[in-house]
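Asks: below are the sequence and a predicted model; questions follow.
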Amino acid sequence: MSIEFQSLETVKPFQKLQLLEIAKEKAGKSWLAATAPKPILFFDTDLRAGSLAGREGVFAATLRDPAPHLQPTAFNEMLDLITKLEKECTLKDLNPSWPAVKPATIVDDSISTTAKCAGRYALYTNTDIRRRLSFGNWSVDFAKNFDAWNAEMTTIESLVLRLLALPYHFIATIHESEEESEDSSPEKKRFTGKIGVFPARYQLLLKYFNDVWHLENAPDPLNPSSTIYVPRVQVRPDYRCPWAVTTLNLTEQYQKPDIAAMLAKHNSNVIPKLPQSVSSNTTN
């Protein structure tokens, strides 16, 4: 049965994290995701799991396609792993050398590269939507029409929905880009000052995430004149990031890049406080 019935009156405002991190390349998206509740399973399509070396409780399934002239395999291999997770398997069921515990957090790092894996598979298996260039024993596929982009978008959208349905925290990372204004042209770029996702068509994915955060490096607020930048997480909207949102009970617009600490702060903020008269009677 695909229908899920819920009484929202009894559902807590926050039960699991459904987070999309938006940031520039090398801004620290993976590091931020690695501060989530553990154990953490990374779907590493960016091939950068090594940047998290030494992190306790972090496991990575690195997925890569073979040479361009061979059939892409990364996306289907990722689907196989997700199918096992949907049966609530342990990490040991995915890899015998891992512990027999279920993950607490799943990370897709990144959606941008995972979508490329899905797109390559769609082009390889559908001649109507591809243009193939061959040289020697090699061949490279390119999108022939909008059907190719639609196939990629539909596939990655379905993947995200499956990952969101898992009973674990889910974090996805995606790259940012400067939003171009209507009068922008290839010869003369003009920008609005706002930040969007890259590529722009992935903007459609934002609606599926309850939390959308912007990660950036900025001057230390305690020392604004310093030339040393520190990472910060924006969880509330402004003109630059009108899409920033959080379901966590966090009052400050900017947070330190530590998800576990942010969850702890949220939990402390939502604990109901007893009236002073009641608390004093309890202690007597």
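Replies: Yep, that arrived. Numbering: from 1, shown residues only.

Asks: tell me where the stretch 151-284 of the chain has helices.
Replies: Taking DSSP state H, counting those that start in this stretch as the criterion, the stretch 151-284 of the chain contains helices spanning 259-270, 276-283.

Asks: if you average pLDDT over each of those helices, which is lowest?
Replies: If these are sorted by mean pLDDT, helix 276-283 sits at the bottom with a mean of 45.

Asks: mind picking out the helix or strand in the chain with the poorest mean pLDDT?
Replies: Ranked by mean pLDDT, DSSP states H and E, the weakest helix or strand in the chain is helix 276-283, scoring a mean of 45.

Asks: tell me who's in contact with the residue nearest the centre of the chain.
Replies: Taking CA atoms, centre = their mean, the centroid of the chain lies closest to A172, which sits 0.9 Å from it. Contact partners of A172, counting by CB atoms under 8 Å, 6 or more residues apart in numbering, are L19, L20, E21, V107, D108, D109, S110, I111, V160, L163, L205, F209. From N, CA and C alone the C-beta is placed, and that goes for glycine too.

Asks: before we move on, what about A200?
Replies: By CB under 8 Å, 6+ apart, the residues touching A200 are S177.

Asks: can you pull the poorly scored residue ranges out of this protein?
Replies: 1-2, 10-14, 221-222, 224, 270-284 (pLDDT under 70).

Asks: ranges for the strands of it?
Replies: Along the chain, the stretches classed as strands by DSSP state E are 18-23, 40-44, 58-62, 105-109, 130-135, 138-143, 169-180, 191-198, 211-219, 229-234, 254-255.

Asks: turn those strands into TSV, columns for distance to F5.
Replies: Converted to TSV, these look like this (distance: least, CB to CB, whole Å):
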stretch	distance to F5
strand 18-23	20
strand 40-44	29
strand 58-62	33
strand 105-109	25
strand 130-135	42
strand 138-143	41
strand 169-180	22
strand 191-198	33
strand 211-219	25
strand 229-234	35
strand 254-255	35
